[in-house]
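>>> Here is a sequence with its predicted model. Questions after.
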Amino acid sequence: MFLRERFKKIMNFEKVDYIPLWDFGFLPETLESWYNEGLSRNVSFSKIFGTDKSFEDYIVPIKWDFVPQFEEINTGDTGISEVVFSSEKKIRRFREGIGFDSVQQFLEYPIKNKSDFSKIVKRLNPLSAERYPENWDNYKNSIKNRDYPLGIHCGGFFSWAEGLMGIENLSNALYNDKSLIMEMFDFRLDFTLKLIEKAVKELDIDFAVFFEDMAYSKGSLISPKLFKRFLSKRYRKISDFLHFHKIDLIFMDCDGNVDELVPLWLEAGINGIYPLEVQSGNNPRKFRNKYGKNILLMGGIDRNVLLKNKELIESEVNDKRDLISFGGYIPFLDYRVSPEVPLKKYLYYLELMKGACKVC
Amino acid sequence: MVDLKLISENLISGKAAKVKELVQQALSEGIEPSKILKEGLIAGMDTVGVKFKAGEFYIPEVLIAARAMHSGMEILKPQLIKSGAKSSGRFAVGTVKGDVHDIGKNLVAMMMEGAGFEVLDLGTDVSSDKFVDAVKNKNIEVLGMSSLLTTTMPMMKETIDALAANGLKGKVKTIIGGAPVTQNYADEIGADAYSTDAASAVDKVKALLK
């Protein structure tokens, strides 16, 4: 059985030989620390660790960002550059480095009003040729006989607006400048549908992914009331479009506690969630018990357990065995591995996972 | 005569322009600035804190209420200074070095202002040196540190150690918070308090200053 078939069967609650062994990535400082512990450089992690390539490696390569990008200039200080929005406005600062030394900071958010928004719209033409791989036909041929699941990104609304406005301006606009929010979200919906249309129609896509960091450790950033007012219908239009083209595995990538958001997403046609951050109170068992087979789950292994002893790591992995057997769930760490985790411990965790992921 | 409850109610609903107008009206009617602060703005933010803790308010509702409070404070602050009214205390807050998450930190700053504290917001990606400088030079009574990442949490310890190395540990109280932070971690690094959310931070800081 190939990965593609396996993935689809798992998400359809059917029996498989084993569950893909996926990671959620590694922080750069973790890798540096592991290289010092003897990890080979320049060899793929899947080869070294015996893992499968992560599902995020199989997303159709479409550009969602500004085309052209805003200019990035050197400030004169070593390793520090800034992104220029207009002659008066610098929007981001980057500091190069590893770990604490590398920072990307907003200096000012680009959008405060409709006039600002009209300036960026020019750079968000969904039909711009640069958004798709240069040789689209070659790309299409290269994936025709693939053995892995292919996914499509579907963007998001809240996180996108938050990145452009900042949470304070966005919050204010949700109450006091609704027409700006409506205009932005309508634009984003139209942009999304136009952007993904070619890929959805011409490729045999297996799953879709939204990205919305709209929760924090205690719960949703916004109320169900605001969600329903501004987001539900727009997600629904995208999910209807995906369903029409037989893409029924639609995931939401959202950190934080998503308890309150899950029913809203389900109602909007989004039927999968990850990475299920455990420290924020998420637990795959809780969602499985509450929603049965109506929800697909990925992630949900507590990253912090890798900082603890072997017994606790084993207990965390074993705790997921019956959920894995039930189907509709692919476990992996709920965040990128942190640098405090020694390589040996990560390898120990992987061995346990290899055992747990063999289901027959 | 302006009913100060009206200021609170408009603040709770996030009506910044109305709050500004009512504060102005209250001042022109000769109501004591400290009374307007306490019974109008602080009372309103207290309710916002209660509603937030109860899950009735979400982040946008808190942020627009804080914006309304600021619009009232803009007018009130010069009058408070003139009248010699004392603040609840001097509080500085920042997100530690390597971390640029600021929602939690901003909420804490707003809630503290709403509780009548003078707040120095040091921003994000704040080094231990910058925290120490602020405590030394700005007469800070309580220092708040926020971190959303397990990788940046050690910067909290580094800052507390730096405060001690500069002879400031006994002069300033420290409070920490952020998604991965726990009471155990606060105990482990010698922080004076830990808060699970912005509204509770106000209560914790008040307790530290008692």
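The structure has been received and is ready for your questions.
>>> quick one, what contacts the residue of chain A positioned farthest from its centre?
In chain A, the residue that sits farthest from the middle, by C-alpha atoms, centre = their mean, is residue A:76; the gap is 34.3 Å. By C-beta atoms under 8 Å, 6 or more residues apart in numbering or on different chains, no residues touch residue A:76. Every C-beta, even on glycine, is put in place using the N, C-alpha and C of the backbone.
>>> Report the secondary structure state of it.
The three-state label for residue A:76, taken from DSSP: H, G, I helix; E, B strand; the rest coil, comes out as coil.
>>> Starting from residue A:155, give me the distance back to it.
35 Å (C-beta to C-beta, to the nearest Å).
>>> Quick check: longest strand in chain B by residues?
Criterion DSSP state E: the longest strand present in chain B is strand B:118-126.
>>> what packs against the helix or strand just after that one?
Next along the chain after strand B:118-126, taking DSSP states H and E as the criterion, comes helix B:128-138. With contacts taken as 3 or more C-beta pairs under 8 Å, 6 or more residues apart in numbering or on different chains; DSSP states H and E, helix B:128-138 sits against strand B:90-96, strand B:118-126, strand B:142-146, helix B:154-165.
>>> What residues of helix B:128-138 count as buried?
Judged by neighbour count (16 or more other C-beta atoms under 10 Å in any protein chain shown), helix B:128-138 contains these buried residues: B:128, B:130-132, B:134-135.
>>> ditto for stretch B:164-183
Buried residues in stretch B:164-183, counted by 16+ other C-beta under 10 Å: B:168-169, B:172-181.
>>> residue in the stretch 101-250 of chain A nearest to chain B?
residue A:171 (3.5 Å; C-beta to the nearest C-beta).
>>> Please read off the pLDDT at the residue positioned nearest the centre of chain B from the model.
Computing the C-alpha centroid of chain B and ranking residues by C-alpha atoms, centre = their mean puts residue B:112 first, at 2.3 Å. Confidence at residue B:112, expressed as pLDDT, is 94.
>>> residues making contact with the lowest-mean-pLDDT helix or strand in chain B?
Counting by mean pLDDT, DSSP states H and E, chain B has its least confident helix or strand at helix B:103-114, which shows a mean of 90. Helix B:103-114 is touched from outside by A:167-168, A:216, A:221, B:41-42, B:44-46, B:48-49, B:59, B:62-63, B:65-66, B:69-70, B:73, B:91, B:93-95, B:119, B:121, B:124, B:144, B:146, B:148, B:177-179, B:195, B:197-199, B:201-202, B:205, with contacts defined as C-beta under 8 Å, 6+ apart.
>>> sorry, back to before: between the buried residues of helix B:128-138, which sits nearest chain A?
Nearest member of these to chain A, counting by C-beta to the nearest C-beta, is residue B:128, at 11.1 Å.
>>> Am I right that the closest one is in contact with residue B:162?
Yes: contact criterion C-beta atoms under 8 Å: residue B:128 and residue B:162 qualify, at 4.2 Å.
>>> any chance of the buried residues of helix B:128-138 in JSON lines, plus pLDDT?
JSON lines is the format used below for the buried residues of helix B:128-138 (pLDDT from 0 to 100):
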{"residue": "B:128", "pLDDT": "96"}
{"residue": "B:130", "pLDDT": "96"}
{"residue": "B:131", "pLDDT": "97"}
{"residue": "B:132", "pLDDT": "97"}
{"residue": "B:134", "pLDDT": "96"}
{"residue": "B:135", "pLDDT": "96"}
